[in-house]
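**Student:** Here is my input, please return the structure:
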Amino acid sequence: MLINKKLIYGNNLHFIFFFILSLNYLIPLLLFGQPTLFYVDTLDSEIVYNSIIGKLLKGDNEAIKLFLNGEIDPLYLRRVFQPFSFLYALFSIEIAYWFIDILVKLTSYICFYILAKKINQNNLFCGLVSCLYASSNYPSHEGFGLAFFPYLIYLILFKEQLRIKHYIILFFFGLNTEVLFGGFALPSLIFLIILLSKNINFKKIFKILIAFLSPMIFVNFNLIYMALSNFEFHRDEFIRESNSMYQSFSLFLNTLFPIPNVKKVDYSFIQTLPYTLYVVPTIVYSFFTNDKNVRKILIVLLSTIIFTVSLKSAFISELVNNFILLNKISWGYLSRSYYLLYCLMIIYILRNEIKFFLKILLFFITFSLLIFQIDSSLVPFYKSKIKKIENYQNLYTFEGYYNFHNYKKIKEIVKNERTISVGLDPMVAVIHEIYVLDGYHSIYPLHYKKKFRKIIEPELNLNSNYKKYFDDWGSRVYTSLYRPKYPEKYQLNYDSAKSLGARYIISSISLNSKSLKLIFGDCKNGFCLYKIL
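**Tutor:** Numbering: from 1, shown residues only. Next up is the predicted model:
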């Protein structure tokens, strides 16, 4: 395989990969005038939390009352004490998000490259896989923990003497690591470090982990306190589904080989596709390689997947459901370590002589890397440029998702009264400083779930899927399962909504009730406002 040595050893290599990463911003800017991102669990929740955190950090203590009828305490919010959240106090939510996104990607690239260079001397391969890891480490609102972990591994495995600067770096990134997304990946990575270490220096490992974990625990103490408290949260009623042996085995295979559902080409398919392109050939190759380090990483990966899958098995899930502390925990966060493990496998695999299969692997890695840069732009490009949908609202952008124009008018009408949304994301209203009863929250009081349930009981009776979704989980405190299943029959308990504090309903569908008065829009364009009489 012919490779230009100047490219392998030249300093310009990094700029080439930085340019590739920048395409994730430049391409949608050219196509839509704005960067794009996958909105599920980001625009519909995490960024909204960050916007409120920014207001709190600026001294606006009333901002938290916008949420869920004032039932959310600042201590319920992730990242409320982490230094990088101050960017949301200094800048607009969009600028803050993209600034952090760029910083997380750069951190991911640099940290992985430093580790990769100790494993593989080929700069081109190190840069390529570092770029892949930076692209895989999504979403960036989770903070810098996963971006920093390659450097943590580097310090433990390859750095004999630690200086003060290393402890300062550990302390800084510990402060900016979220315990749920970063902390849950640590057990797998510690297991990996033990397997890869030739001479385990437990004293050094202990020092490094203390320097990193102490500030991480400090800035996440609110979440740890909430998990250990006796306060009743909606998570106390979580009912985790039990899988049969066949379902568990199927889940294991689907996790090991992340293949999207080809029957339904949607955002989920596109979001999974770039991972499929490089993960599947990497796993296949790892079963046949003689590289002991690759096999050790595979052991860690398989162990982590088996553990998470077993938690959903019939016997163990019953035990988890019966222990409130265990039931409160979202064990799926353990999967956050997978993509680092995949990329580590690749960098070890590429140490070998470049044979035919490795050339195929390099092709898929490169193809995956390019898909990562355009994946969030594919759906809006198809709908707006090819299908040319009239008045298409690009939900993959800040402006398109938050619909600034209409909600500004709604705010002028409702002022500081409470609202509830039907067929629309209530978190959008929060962005426009509209007080709401509903929303998407990972932690909120159980008593509020029971109160809110009275409002949506007519809809729950019509939609058994939503009934199970809300009763067994309930983090999406919505008036329907996204859009009502039967719009023509849709009803709420408007008296309960009014008694809980709602005075207006922001709706995407026409509502027929003597308890309501249409005061803005006609709902034909999917947006209108009703007043509860």
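**Student:** On the three-state scheme, S442 is what?
**Tutor:** coil (DSSP: H, G, I helix; E, B strand; the rest coil).
**Student:** so what's it closest to, chain neighbours aside?
**Tutor:** Nearest non-adjacent residue to S442, counting by CB to CB, 6 or more residues apart in numbering: S475, 5.6 Å away. Bear in mind the C-beta positions are built from the backbone N, C-alpha and C, glycine included.
**Student:** Could I get the pLDDT score of the residue lying closest to K159 once chain neighbours are set aside?
**Tutor:** Distance criterion CB to CB, 6+ apart; nearest residue to K159, sequence neighbours excluded, is H166 at 7.0 Å. H166 carries a pLDDT score of 96 in this model.
**Student:** What helix or strand is H166 located in?
**Tutor:** For H166, the host element (DSSP states H and E) is helix 164-175.
**Student:** which parts of that helix are buried?
**Tutor:** Applying a neighbour-count criterion of 16 or more other CB atoms under 10 Å, the buried positions in helix 164-175 are 166-167, 169-170, 173-175.
**Student:** likewise stretch 379-388?
**Tutor:** 379-381, 383-384.
**Student:** got it, and stretch 24-38?
**Tutor:** In stretch 24-38, counting by 16+ other CB under 10 Å, buried: 24-25, 27-28, 31-32, 34-38.
**Student:** Let's see which of these end up in helices.
**Tutor:** Mapping those onto helices (DSSP state H) picks out 24-25, 27-28, 31-32.
**Student:** ok, back up a step: would CSV of the buried residues of helix 164-175 with distance to F149 be doable?
**Tutor:** As requested, these are exported to CSV (distance: CB to CB, whole Å):
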residue, distance to F149
H166, 15
Y167, 17
I169, 13
L170, 12
F173, 9
G174, 12
L175, 15
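**Student:** with the residues you listed in mind, which one is nearest to I239?
**Tutor:** G174 (34.7 Å; CB to CB).
**Student:** hang on, that closest one packs against M216?
**Tutor:** Yes - when contacts are counted by CB atoms under 8 Å, G174 is listed as touching M216 (4.3 Å).
**Student:** The residue nearest to K159 and A211, how far apart?
**Tutor:** Distance, H166 to A211, using CB to CB, to the nearest Å: 8 Å.
**Student:** Could you measure from the residue most central in space within the chain over to N254?
**Tutor:** The residue lying closest to the centre of the chain (CA atoms, centre = their mean) is P139, at 4.8 Å. For P139, the distance to N254 equals 21 Å [CB to CB].
**Student:** before we move on, what about K408?
**Tutor:** Taking CB to CB, one finds K408 at 43 Å from N254.
**Student:** try L378
**Tutor:** Distance, L378 to N254, by CB to CB: 23 Å.
**Student:** between those two, who's got more neighbours?
**Tutor:** L378 (18 against 13; other CB atoms under 10 Å).
**Student:** Now do the helices in the stretch 201-350 of the chain.
**Tutor:** All helices of the stretch 201-350 of the chain, identified by DSSP state H, counting those that start in this stretch, fall at 202-219, 221-228, 245-256, 267-286, 292-310, 314-322, 324-328, 338-349.
**Student:** Minimum distance to N123: which of those helices has it?
**Tutor:** The nearest among the helices of the stretch 201-350 of the chain, by CB to CB, is helix 338-349 at 11.9 Å.
**Student:** So for stretch 439-453, what gets flagged as buried?
**Tutor:** Buried-residue list, stretch 439-453, by 16+ other CB under 10 Å: 439-445, 448-449, 451-453.
**Student:** can I see the domain layout of the chain?
**Tutor:** 5-33+78-382, 403-532 (automatic domain parsing).
**Student:** want to throw those into TSV with distance to N69?
**Tutor:** Shown next, in TSV, are the domains of the chain (distance: least, CB to CB, whole Å):
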stretch	distance to N69
domain 5-33+78-382	14
domain 403-532	5
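**Student:** so which of the ones you listed comes closest to N394?
**Tutor:** Here domain 5-33+78-382 is closest among the domains of the chain (CB to CB), at 4.5 Å.
**Student:** so how far is I168 from G182?
**Tutor:** In terms of CB to CB, G182 sits 18 Å off from I168.
**Student:** swap in F81?
**Tutor:** 19 Å.
**Student:** swap in N463?
**Tutor:** 54 Å.
**Student:** how about the strands in the protein?
**Tutor:** 418-422, 435-436, 439-440, 476-477, 502-507, 516-520, 528-532 (DSSP state E).
**Student:** can you redo those strands as TSV with distance to Y486?
**Tutor:** Formatted as TSV, the strands of the chain follow (distance: least, CB to CB, whole Å):
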stretch	distance to Y486
strand 418-422	13
strand 435-436	24
strand 439-440	23
strand 476-477	19
strand 502-507	15
strand 516-520	18
strand 528-532	18
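**Student:** To C131, which of the ones you listed lies closest?
**Tutor:** Smallest distance to C131 across the strands of the chain (CB to CB): 32.1 Å, for strand 439-440.
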